[in-house]
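Novice: Below: sequence and its predicted model.
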Amino acid sequence: MQLYLPIAELPLNLFLLLGMGGAIGFISGMFGVGGGFLLTPLLIFVGVPAPVAVATSSVHIAASSVTGALNYWRRNALDVKLGSVLVSGGLVGTVLGVIFFNQMRRLGHLDLVITLSYVTLLMSVGCLMFVESIGAMIDTRRGRSVALRSPGEHRWYERLPFPMRFHRSKMSTSVIPLIALGVVIGFIGTVLGIGGGFLVVPALIYLFRVPTSVVVGTSLFQILVTMLVATFLHATVSQAVDVLLALTLVVGGVIGAQFGARAGQGLRGEHFRLLLALLILLVGIRFAFDIIADPNDRYSINATELER
């Protein structure tokens, strides 16, 4: 059954989109990563223009994050205080991201920016997480104690001004690096059509030593708020949100997120990080292949707006 998408200007199979939304929703609920780092590439791979894929993904990410965040909140596995600090920076980054997105779109460089950014981010983050998680699994099998934070340990950026205590996450740190992290995640998430969870989850685990059990729910909370704002800005400023495509993906995503949240609770910390690293690496490799491989169309014509 073909569904014509008015903004993307192409027909796609309805069941393909529902299945895609359900799979991404499951991953979102399981890993707390929003799923955009998979959804946006998948939409591009099936022919959706990059600007539409990025803008529309924000709708699906926000909708999937609602059910996942509520699930973790009911289980007391969400640090609202930490999430609110991240959101304060994320909103600034989101606004800056929309401005940059529209500027690159006017210049005709948006597709290149998205492709190169995905390859760089996914490959670097995925490799680092893969190496660390394998090392943690080896240490666990050998009976070594694996601790993300030693008692009383504080890194230099945690000792900056404006300290704050986060009881749910069992840490005390300056809010400056957390706000900076939120700005970066909000900017990248808006430009690339991702929730930023595949960056914020490793950052909270490895840089701030937040327990894995709290990270997922907190990440989903931050993703939810920033993606709602990104959706509004993309719809009103960029005008690239395909509502029909978004609604179809949301139907599958909301259902999949419920099952993913339940599955994520049963994962051990090192197994959680290994699976997430493999997912990130696979998408990065797929984008890298597109850069190396010969294009189907060697020549293309694009309209570029010129300022008078």
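Specialist: Alright, I've got the coordinates.
Novice: rest of the way, CA atoms for contacts and neighbours
Specialist: OK.
Novice: Count the neighbours of L18 for me.
Specialist: Applying other CA atoms under 10 Å, we find 19 residues neighbouring L18.
Novice: Quick one: residues contacting it.
Specialist: Listed by CA atoms under 8 Å, 6 or more residues apart in numbering, the contact partners of L18 are T248, L249, V251, G252, G253.
Novice: Distance of it relative to F45?
Specialist: 16 Å (CA to CA, to the nearest Å).
Novice: Could you verify my assumption that G186 touches L86?
Specialist: No - using CA atoms under 8 Å, G186 makes no contact with L86, being 9.2 Å away.
Novice: hang on, the earlier thing: can you list the contacts of L18 in JSON lines and add distance to P11 and neighbour count?
Specialist: Output for those, formatted as JSON lines (distance: CA to CA, whole Å; neighbours: other CA atoms under 10 Å):
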{"residue": "T248", "distance to P11": "13", "neighbour count": "20"}
{"residue": "L249", "distance to P11": "14", "neighbour count": "31"}
{"residue": "V251", "distance to P11": "18", "neighbour count": "19"}
{"residue": "G252", "distance to P11": "18", "neighbour count": "23"}
{"residue": "G253", "distance to P11": "20", "neighbour count": "31"}
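Novice: what ranges do the helices span in this protein?
Specialist: Along the chain, the stretches classed as helices by DSSP state H are 14-31, 36-45, 50-74, 80-107, 110-141, 175-192, 197-202, 212-233, 243-264, 269-292.
Novice: who are the neighbours of the shortest one, in terms of helices and strands?
Specialist: Going back to what we said before, that points to helix 197-202. helix 175-192, helix 212-233 (3 or more CA pairs under 8 Å, 6 or more residues apart in numbering; DSSP states H and E).
Novice: Centre of the chain to it, how far?
Specialist: 7 Å (CA atoms, centre = their mean, to the nearest Å).
Novice: what do you get for the third one?
Specialist: Taking CA atoms, centre = their mean, one finds helix 50-74 lying 9 Å from the centre of the chain it belongs to.
Novice: okay, now M137: neighbour count?
Specialist: If you count neighbours by other CA under 10 Å, M137 ends up with 17.
Novice: Hmm, I typed the wrong one, I wanted T67.
Specialist: Neighbour count of T67, defined by other CA under 10 Å: 23.
Novice: thinking it is in contact with A257, fair?
Specialist: Yes - using CA under 8 Å, T67 is in contact with A257, at 6.5 Å.
Novice: Select from the helices of the chain the stretch with the lowest mean pLDDT.
Specialist: Among the helices of the chain, helix 269-292 carries the lowest mean pLDDT, a mean of 71.
Novice: quick one: which of G186 and L86 has more around it?
Specialist: G186 (33 against 28).
Novice: quick one: that one and L228, what's the gap?
Specialist: 11 Å.
Novice: ok, now C127?
Specialist: With CA to CA as the criterion, C127 and L228 are 30 Å apart.
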